[in-house]
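*Asks:* Give me a model of this one.
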Amino acid sequence: MDLIYIGKLVNTHGLEGEVRIISDFKYKDLVFKSGNEIIINDNKYTIRSYRCHKMYDMITIENINTIDDALNLKGLNVYVDRNSYKFDGYLDEDLVGLSVYDNDIYKGKVVEILKTDLYTVLVIDGIKRHMVPNISEFIKKIDLENNKVNINYIEGLDNED
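*Replies:* Numbering: from 1, shown residues only. The predicted structure is shown next:
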């Protein structure tokens, strides 16, 4: 199984086992559907219903029928099996480990993806540590087949420790 992190189950809602998930997963419209499976603590659960409430993704899960059942899941991470879905394009997780180049000059590898309210940031570890926003002004091309990212490097992207 190839697990993808989609969010954190942060609390319960009501008495009938509904739970609150905080998620910034960009394909949650595909994942949070009745009948789909999620994985929590290496256990598979089937989504019974979904709705959005304020900043939360609210779901009910088959065989989780009371607040007491749901409390056992509070604070746990929620995943899906990547092989169960066909995502259009790449996921942020796909970028970790790719080699980064600026005009054929090796800059390092993507070691982490940071998410902000506006965009994601690639953390690149090489001779220096770089933080590059994943926007068209900085990212020229993402080539998953060749495990490469081509960037438009500008002064100030590297972390001056």
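*Asks:* Do a quick rundown of the helices in the chain.
*Replies:* For the chain, the helices defined by DSSP state H occupy 28-31, 67-71.
*Asks:* helices and strands around the helix or strand of the chain with the lowest mean pLDDT, which ones?
*Replies:* None of the helices or strands of the chain scores lower by mean pLDDT, DSSP states H and E than strand 129-133, at a mean of 89. Here strand 129-133 touches strand 105-115, strand 120-125, going by 3 or more Cβ pairs under 8 Å, 6 or more residues apart in numbering; DSSP states H and E. Where C-beta positions appear, they are placed from N, C-alpha and C, glycine not excepted.
*Asks:* May I have the last one exported as PDB, CA atoms only?
*Replies:* Just to be clear, that refers to strand 120-125. Provided in PDB are the C-alpha atoms of strand 120-125 (Å, rounded to 0.1, in the frame of the first residue of the first chain):
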ATOM      1  CA  THR A 120       3.600  25.300  -1.300                       C
ATOM      2  CA  VAL A 121       7.400  25.700  -0.800                       C
ATOM      3  CA  LEU A 122      10.000  23.300  -1.900                       C
ATOM      4  CA  VAL A 123      12.800  22.900   0.700                       C
ATOM      5  CA  ILE A 124      16.000  22.000  -1.200                       C
ATOM      6  CA  ASP A 125      19.000  20.700   0.600                       C
END
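*Asks:* Run through who's touching that strand.
*Replies:* Strand 120-125 has contacts (Cβ atoms under 8 Å, 6 or more residues apart in numbering) with 92, 95, 100, 107-115, 129-134, 139, 149.
*Asks:* any chance of the helices and strands packed on strand 129-133 in CSV, with mean neighbour count, mean pLDDT and distance to K33 too?
*Replies:* Output for the helices and strands packed on strand 129-133, formatted as CSV (neighbours: other Cβ atoms under 10 Å; pLDDT from 0 to 100; distance: least, Cβ to Cβ, whole Å):
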stretch, mean neighbour count, mean pLDDT, distance to K33
strand 105-115, 15, 93, 23
strand 120-125, 19, 92, 24
